[in-house]
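Participant: Sequence first, then the predicted structure, then my questions.
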Amino acid sequence: MKIAIISGSHRKEGQSAKVARYLQHVVTMQCASDTTYLFSLANNPLPLWDEGVWAQAAQWKTLWGPIAQELRSADAVVVVSPEWSGMVPAGLKNFFLFCTPQELGNKPGLIVTVSASRGGAYPVNELRTSSYKNCAFCYIPEHVIVRQVGDMLNDPTTPASPDDEYIRARLGYAVQMLRSYGEALRHVRESGIPDYQTYPYGM
């Protein structure tokens with residue numbers, strides 16, 4: 001199984017990237033045969049979406065093409081989002097404008113949000129509300145909020161506190177659930193029922 005991990009912070013040095021790397025570690029520890037693809041939005045690698053994407057302009061083939069290819073070969077996706085002023089970062093919302101059912105359609109998604117304090121709930125709601133419709137992405141019921149992230153996941157193998165130990169266990173469980181959904185939804189994608197030509201957009 002291949003699991004893609006999207007680090008949604010476009011800060012140069014963000015805690016979301018740390019969490020994303022830890023999730024890579026979790027995937028590898030759970031199943032050595034699994035592979036991962038980590039895409040970080042640090043430093044804004046994707047310009048703002050424009051209509052050239054639809055026309056397959058050369059610029060977008062170069063920028064988005066390799067990312068799209070990696071996503072298309074993934075079985076499941078983890079979306080790591082910080083909470084900025086109670087919102088999902090603009091760069092992450094922009095990322096979803098590029099995604100189509102070819103990249104994410106009927107693939108399971110795990111939301112992991114990040115907060116420097118006791119926040120982190122608002123991005124969960126925002127992602128579930130507005131990021132899945134036209135790309136047919138399927139968020140699983142489980143999600144994880146990493147609060148006080150500066151104190152969490154700093155050593156890949158050794159928890160620093162009971163809270164750190166708990167969040168590691170919860171992330172491990174969530175990834176297991178994601179893998180199970182990945183196996184199940186593969187049957188949906190291969191069934192021939194999804195028809196993105198007739199119904200390219202959600203209602």
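Facilitator: Right, received. Where do you want to start? Residues are numbered from 1 along each chain as shown.

Participant: Now do the strands in this protein.
Facilitator: Using DSSP state E, the strands found in the chain span residues 2-7, 35-40, 76-82, 108-114, 138-146.

Participant: so what secondary structure elements neighbour the longest helix seen in the chain?
Facilitator: Secondary structure of the chain per DSSP state H: the longest helix is helix 162-190. If you count contacts as 3 or more C-beta pairs under 8 Å, 6 or more residues apart in numbering; DSSP states H and E, helix 162-190 packs onto strand 2-7, helix 15-30, strand 76-82, strand 108-114, strand 138-146. Placement of C-beta: from N, CA and C, glycine included.

Participant: Next, the angle strand 138-146 makes with that helix.
Facilitator: 170 degrees (axes from the mean of the first three to the mean of the last three C-alpha atoms, to 10 degrees).

Participant: Any idea how many residues pack against residue 144?
Facilitator: Per other C-beta atoms under 10 Å, the neighbour tally for residue 144 reads 22.

Participant: for residue 43, same thing?
Facilitator: With other C-beta under 10 Å as criterion, residue 43 counts 9.

Participant: so who does it touch?
Facilitator: Neighbouring residues of residue 43 by C-beta atoms under 8 Å, 6 or more residues apart in numbering: 10, 12.

Participant: of all the helices and strands packed on helix 162-190, which lies closest to residue 47?
Facilitator: Each of the helices and strands packed on helix 162-190 has some distance to residue 47 by C-beta to C-beta; the shortest is strand 2-7, at 17.0 Å.
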